[in-house]
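S.K.: Okay, here's the prediction I keep looking at, along with the sequence it came from:
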Protein chains: 2
Amino acid sequence: MKNKSHTLRSIADTLHVSTATISNAFNRPDQLSKAKREEILAACQQLGYFGPNKAAQSLRRGRSGIIALVLADSIDYMVSDPVASSFIRGVSEILKTHKSHLLLFSGNSQSINSVIDFVDGFICYGMPRNPALLNELTVCQKKVITVDFALPERASIAVDNQQAAFEIAQRAIAPGDRVAIVGLRITHGDITSKVMDTPLVEVETSVAHQRYQGYLHALRNAGVELDESLIWNVPESSQAFAKIAALEILQEPQLPNTILCMSDLIGLSVLRELLSAGIKVPEQVKIVGFDGIEETKRHHPILTTVYQNSTEKGRIATRMFFSKKPESQVLDYEMFVGESC
Amino acid sequence: MKNKSHTLRSIADTLHVSTATISNAFNRPDQLSKAKREEILAACQQLGYFGPNKAAQSLRRGRSGIIALVLADSIDYMVSDPVASSFIRGVSEILKTHKSHLLLFSGNSQSINSVIDFVDGFICYGMPRNPALLNELTVCQKKVITVDFALPERASIAVDNQQAAFEIAQRAIAPGDRVAIVGLRITHGDITSKVMDTPLVEVETSVAHQRYQGYLHALRNAGVELDESLIWNVPESSQAFAKIAALEILQEPQLPNTILCMSDLIGLSVLRELLSAGIKVPEQVKIVGFDGIEETKRHHPILTTVYQNSTEKGRIATRMFFSKKPESQVLDYEMFVGESC
DNA sequence: CTGTTAGCGCCTTCAA
DNA sequence: TTGAAGGCGCTAACAG
């Protein structure tokens, strides 16, 4: 019962067969008689040998059954974001059916090279915060699927953020409104602050860029002028960062009456601060969010938002990953009309 | 600029040096002159060779820099649980400082053998749902740290669940109370239901077992009789499963006036249903939770609960993983007195 | 159906 | 400081 580590070779020796036979017993049932196979498997079980070493197998075969999920940001942040969590759910659900495993990889890591040889490819959820990764992912030999942004020659899945943002803003805005925008990563800053002259993120396929364009379009459509001093950037979709923007909005000499928030977490945080300050929503200020997370329904007034099915997005991305010739897709979204506008 | 995949050997050839020299340039700076090293590194950069293949390296060296986090349950479920998410945060934070990567592994997988050769070890967060994994983890040659349960010969970190449950229950219960328990995985059932004669989970180091014992102790102490028909089991700490128990409680001919919930998510769900039914909390019914998640503070009345620092638990578990001679630890908890009892 | 063999890409003595 | 050689454990092609 000594748990000395066995190898294919050592097992072959003690069972007096060739290594190929052992290998076949585990990997290609059709290459040997059922009887022999079962005999071998039983003997291995007995000896405490649980199959070929995976590391060696992966070196030899060139695939490991591990796929990396490259998150936009650090793992610690992403894992507590409900939208990202839903996405991960979808991914892991499909991975399971392909007997593959999930390696979580941070979007602000130095380089994908530290894991590239371990994985069969990458699913990139959102544009990685470290731009160096973009190049690496573009030239990388392995399969890459992108989500919510695009890379040349790579299949991607995304919702039409611009159109969705346009529609939700259109619903919120009326002529004569004073509008504020609380943007998510629309600049490269990593603190909450007014945008003013800070250059905006330029990547056209980025979520931030597209939603922003959608908002502007709706504003133009309604003939509403946007006061440039009423645009904030929030670096992370979290209560803490959004709260700062909310408090600054409350300090404005002239309170806006419509606030376009680029995520629900931001929207909820703004909502909470306004309510605490005694502001009536939507009577005095209308608020809209983006994403459609569960928690919005547990608050009053219920946030009006764009619903996107993140879990399904995860499933689709993963299926694309496993399809031989993946094609980019656009995912549907829905307006979710709550009570906040 | 062709991106043909290079190897250590091919690079050595084109640079007219030996493979060892290239290897040393990347792995052991002290084994060759600084000048030569930089020259080589630059040339590699130029050629598009980013260092030794990690899969081969891992086969040769026997370590990969990947550690597996074995979750109690499926990844899709765990990732949306706020307590687990906090834990993962802590883990990934420390992993980063060790330049290691995180593989998420489901606790109801068949066997850890599918990844064992890829990883340097395991951190097990909660008792895996598939009991077969327990044996595997016990005999496994690699490093294993357990969290919230124990395995022979393995270091673990946990809070004293029994004592904490005792204290929170003690706070809630008064003589003459009619008490209900909504337990989390106290039986092996996978639907929400009354426990009645279903055998309880027997593993003494399990969270469920310990919290349950803590409750019973407090009941005895207060001289309160527990009506066996007022014990429910919930298979997952989620709103959906807990709601069922809450609705059944509301159907009881005689409503309990104290409900001990084994997690905050359960507690909040029960709270919500009681409030919807017009029950006053804590005047008519007292409720306590367990865990101390953020969301409890965003509801009224605020849930009284046990706070445990899950992020710190994750950090400690990971530091233990990297320590040469890890020793089991017990983590502190705090009573968080809200408004629900 | 079974056995032999040549690598997958690398690291690490060992000798020069 | 560098080069040569022997595996790490396995699989796929081929021969029998």
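M.R.: Arrived safely.

S.K.: Every contact and neighbour count from this point should use C-alpha atoms.
M.R.: OK.

S.K.: what are the bridge partners for the residue nearest the centre of chain A, then?
M.R.: In chain A, the residue lying closest to the centroid (C-alpha atoms, centre = their mean) is residue A:125, at 3.4 Å. Listed beta-bridge partners, residue A:125: residue A:71, residue A:147 (assigned using DSSP bridges).

S.K.: Give me every residue in chain A lying close to DNA strand D.
M.R.: By the rule C-alpha under 7 Å from any atom of the strand, the part of chain A lying against DNA strand D is A:6-9, A:19-20, A:23, A:27, A:51-54, A:56-57, A:59-61.

S.K.: ok, the residue of the stretch 201-341 of chain A found nearest DNA strand C to residue A:103 distance?
M.R.: DNA strand C sits closest to residue A:324 of the stretch 201-341 of chain A, with a gap of 21.7 Å, by C-alpha to the nearest atom of the strand. To residue A:103, residue A:324 is 21 Å away according to C-alpha to C-alpha, to the nearest Å.

S.K.: Between those two, tell me which one has more neighbours.
M.R.: residue A:103 (23 against 9; other C-alpha atoms under 10 Å in any protein chain shown).

S.K.: check contacts around that one.
M.R.: A:66, A:67, A:68, A:69, B:101, B:102, B:103, B:104 (C-alpha atoms under 8 Å, 6 or more residues apart in numbering or on different chains).

S.K.: ok, now residue A:309?
M.R.: By C-alpha under 8 Å, 6+ apart, the contact set of residue A:309 is residue A:333.

S.K.: what is the closest residue to residue A:236 other than its chain neighbours paired to in the beta sheet?
M.R.: Spatial nearest neighbour of residue A:236, excluding adjacent residues (C-alpha to C-alpha, 6 or more residues apart in numbering or on different chains): residue A:184 at 6.6 Å. Judged by DSSP bridges, the bridge partners of residue A:184 are residue A:234.

S.K.: okay, residue A:184: pLDDT?
M.R.: You'll see residue A:184 listed with a pLDDT of 95.

S.K.: residue contacts, it?
M.R.: Neighbours of residue A:184 in contact, by C-alpha under 8 Å, 6+ apart: A:208, A:233, A:234, A:235, A:236, A:237, A:261, A:262, A:263.

S.K.: Neighbour count and pLDDT added to these, as TSV?
M.R.: As requested, the contacts of residue A:184 are arranged in TSV below (neighbours: other C-alpha atoms under 10 Å in any protein chain shown; pLDDT from 0 to 100):
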residue	neighbour count	pLDDT
A:208	23	93
A:233	27	97
A:234	29	96
A:235	19	93
A:236	22	90
A:237	23	91
A:261	28	98
A:262	29	97
A:263	25	96
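
S.K.: Next, format those residues as CSV and append distance to DNA strand C.
M.R.: Below are the contacts of residue A:184 laid out as CSV (distance: C-alpha to the nearest atom of the strand, whole Å):
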residue, distance to DNA strand C
A:208, 38
A:233, 43
A:234, 41
A:235, 38
A:236, 37
A:237, 39
A:261, 47
A:262, 44
A:263, 43
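
S.K.: centre of the chain versus the helix or strand hosting residue A:103, how much separation?
M.R.: Counting by DSSP states H and E, the element that carries residue A:103 is strand A:101-105. Relative to its chain's centre, strand A:101-105 lies at 13 Å (C-alpha atoms, centre = their mean, to the nearest Å).

S.K.: Partner strands of it, with direction?
M.R.: strand A:66-71 (parallel), strand B:101-105 (antiparallel).

S.K.: Report the buried residues of that strand.
M.R.: Within strand A:101-105, the residues that qualify as buried are A:101, A:102, A:103, A:104, A:105, counting by 16 or more other C-alpha atoms under 10 Å in any protein chain shown.

S.K.: now swap in stretch A:73-88 and tell me
M.R.: In stretch A:73-88, counting by 16+ other C-alpha under 10 Å, buried: A:73-88.

S.K.: Do me a favour and get the end-to-end distance for it?
M.R.: In stretch A:73-88, first residue to last residue: 14 Å (C-alpha to C-alpha).

S.K.: tell me the mean pLDDT over it?
M.R.: pLDDT averaged over stretch A:73-88 gives 90.

S.K.: which other residues reach it?
M.R.: A:71-72, A:104-108, A:128-129, A:237-238, A:291, A:293, A:310-315, B:76, B:79-80, B:82, B:85-86, B:88-90, B:92-93.

S.K.: In strands, which of these appear?
M.R.: Counting by DSSP state E, the part of the contacts of stretch A:73-88 found in strands is A:71, A:104, A:105.

S.K.: how about the helices of chain A, start to end?
M.R.: Shown for chain A, the helices assigned by DSSP state H span residues A:8-15, A:19-27, A:34-47, A:54-61, A:75-78, A:82-97, A:113-116, A:132-139, A:161-172, A:207-222, A:239-251, A:264-276, A:310-322.

S.K.: and the contacts of residue A:184 as TSV, adding distance to residue A:189?
M.R.: What follows is the contacts of residue A:184, written out as TSV (distance: C-alpha to C-alpha, whole Å):
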residue	distance to residue A:189
A:208	13
A:233	8
A:234	8
A:235	7
A:236	10
A:237	14
A:261	17
A:262	16
A:263	17
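
S.K.: for those residues, which one is nearest residue B:165?
M.R.: residue A:237 (34.2 Å; C-alpha to C-alpha).

S.K.: My understanding was that the closest one contacts residue A:267; is that so?
M.R.: No: using C-alpha atoms under 8 Å, residue A:237 is not in contact with residue A:267; the gap is 9.6 Å.

S.K.: tell me the domain ranges of chain A?
M.R.: A:8-52, A:62-158+A:311-331, A:161-308 (automatic domain parsing).

S.K.: Using TSV, lay out these together with distance to residue B:148.
M.R.: As requested, the domains of chain A are arranged in TSV below (distance: least, C-alpha to C-alpha, whole Å):
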stretch	distance to residue B:148
domain A:8-52	28
domain A:62-158+A:311-331	20
domain A:161-308	28
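
S.K.: Which one of the ones you listed has the poorest average confidence?
M.R.: Of all the domains of chain A, mean pLDDT reaches its minimum on domain A:8-52 (a mean of 87).

S.K.: So what pairs up with the residue in the stretch 101-250 of chain A that chain B sits nearest to in the strands?
M.R.: Using C-alpha to the nearest C-alpha, the single residue of the stretch 101-250 of chain A nearest to chain B is residue A:103, 4.3 Å away. Beta-bridge partners of residue A:103, counted by DSSP bridges, are residue A:68, residue B:103.
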